[in-house]
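> Please find the sequence and the predicted model below.
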Amino acid sequence: MFETDETLIRRILQGKDREAGELLVERHYKRIYKEIYLKTSAEELAKDLTPEAFLQILKNLYLYDSKNASF
């Protein structure tokens, strides 16, 4: 069953659901990596920064508002 980003985010925020977090990261990893790579033009740096970006995203997920932006 496909779950929307909003559903996964809700699961994470309600119970610190690790599986939902993993699904969300897996779903968006390539896109975030690509954005970082385009900004840095450095493959290794982008590989290092992408997991760090997701840590910050997940840490601040409570600030996310789907009415203002898509994930």
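Structure received. Note that the structure is predicted; figures quoted are calculated from it, not measured.
> Just the buried positions in the longest helix along the chain, please.
If each helix of the chain is counted by residues according to DSSP state H, the longest one is helix 18-40. The neighbour-count criterion (16 or more other Cβ atoms under 10 Å) identifies 20, 21, 23, 24, 25, 28, 32, 33, 36, 37 as the buried residues of helix 18-40. From N, CA and C alone the C-beta is placed, and that goes for glycine too.
> what about residue 59, how many neighbours?
The number of residues packed near residue 59 is 9, by other Cβ atoms under 10 Å.
> which residues touch it?
By Cβ atoms under 8 Å, 6 or more residues apart in numbering, no residues touch residue 59.
> What residues of the helix or strand residue 46 falls within count as buried?
Element membership for residue 46, per DSSP states H and E: helix 43-59. Using 16+ other Cβ under 10 Å as the burial criterion, the residues of helix 43-59 that qualify are 46, 49, 50, 53, 54, 57.
> Good, wrapping up.
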